[in-house]
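Novice: based on what follows, work out the 3D shape:
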Amino acid sequence: MKKPILTVTLAFCAFVVFSQSESKNIDTKLRFGFNLGTNYSFLQSKESLPSNAEIYPGIGAKMGVFMDYSISKNFLFSPKTELAFNKSGVETTNNDNSISTYKVFPISIDIMTHFVYKIGERKTVPYLLFGPNLRLPLEKNPKSSSEFNNKTDLAVDFGIGLENRLKHFIFAPEIRYSLGLLNVNKNPTFQTLKYHNISLVLNFK
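Specialist: So this is what the prediction gives:
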């Protein structure tokens with residue numbers, strides 16, 4: 001399942017790069033792009049975990065494609081789709097001292113609808129972003145009764161970035177915080193687990 005998704009994503013990114021290089025006008029109303037980044041994910045439990053269980057955070061990676069539509073000179077509508085590899089979960093120490101790991105969103109598809117406000121009209125301008133994020137787990141069926149998947153999540157994203165208008169393209173690094181709103185847990189050992197992450201993303205458009 002992973003290989004076809006990666007192949008399609010990389011092919012689309014290559015197409016976007018080629019298309020952007022062919023266009024000399026970077027002031028178009030509609031732009032397409034791709035991004036690459038890293039993320040730090042962590043969980044929060046509403047209830048106390050069992051004494052033999054511990055939440056662990058982790059650093060992962062992501063890549064995606066997006067579209068920017070200029071509603072005005074400073075206000076953009078920016079839907080995105082990203083493939084994310086995440087590293088957070090819960091470890092449980094069993095009676096025989098073996099460790100069982102419940103991974104939360106090891107791979108996910110994030111579908112975002114961001115609204116972007118640019119502060120100024122210079123070649124290098126800061127911007128703010130805000131919008132909902134639908135996070136879909138990309139998982140195989142459990143191999144055994146001791147393995148569990150995750151539920152779909154709905155999050156709210158906040159972020160800041162810096163848009164740099166170069167000769168042939170726009171480069172925009174940004175930092176995002178994604179606040180998970182729903183309980184994503186399907187493991188009966190635990191109750192409420194909410195997923196959050198902080199991402200550093202490099203956008204090319």
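Novice: state the pLDDT value of the closest residue to residue 135 other than its chain neighbours.
Specialist: Nearest residue to residue 135 in three dimensions, chain neighbours excluded: residue 153, at 4.1 Å (CB to CB, 6 or more residues apart in numbering). The way it works is simple: take the backbone N, C-alpha and C, and place the C-beta from them, glycine included. On pLDDT, residue 153 comes in at 98.
Novice: do residue 141 as well
Specialist: Note on residue 141: pLDDT of 75.
Novice: the helix or strand containing residue 116 packs against which elements?
Specialist: Under the criterion of DSSP states H and E, residue 116 resides in strand 107-118. Strand 107-118 sits against strand 58-70, strand 75-85, strand 124-137, strand 153-165, with contacts defined as 3 or more CB pairs under 8 Å, 6 or more residues apart in numbering; DSSP states H and E.
Novice: so which of those strands is nearest residue 179?
Specialist: strand 153-165 (5.0 Å; CB to CB).
Novice: which residues does residue 71 contact?
Specialist: By CB atoms under 8 Å, 6 or more residues apart in numbering, the residues touching residue 71 are residue 77.
Novice: so how far is residue 164 from it?
Specialist: Distance, residue 71 to residue 164, using CB to CB, to the nearest Å: 21 Å.
Novice: residue 156 too?
Specialist: Counting by CB to CB - residue 156 and residue 164 are separated by 27 Å.
Novice: report the separation between the residue nearest to residue 135 and residue 80.
Specialist: From residue 153 to residue 80 the distance is 16 Å (CB to CB).
Novice: and the residue lying farthest from the centre of the chain, which of the three is it?
Specialist: In the chain, the greatest distance from the average C-alpha position (CA atoms, centre = their mean) is reached by residue 96, at 36.7 Å. The local conformation at residue 96, judged by DSSP: H, G, I helix; E, B strand; the rest coil, is coil.
Novice: look at it and report its pLDDT.
Specialist: Per the predicted model, pLDDT is 90 at residue 96.
Novice: over to the one 3 residues further on?
Specialist: Reading off the confidence values, residue 99 has pLDDT 92.
Novice: any idea what it is bridged to?
Specialist: With DSSP bridges as the criterion, residue 99 is bridged to residue 93.
Novice: identify the bridge partners of residue 75.
Specialist: residue 117.
Novice: please identify the helix or strand for residue 202.
Specialist: Residue 202 belongs to strand 193-204, assigned by DSSP H and E.
Novice: ok, now residue 146?
Specialist: Per DSSP H and E, there is no helix or strand for residue 146.
Novice: and for residue 188?
Specialist: Going by DSSP H and E, residue 188 is not in any helix or strand.
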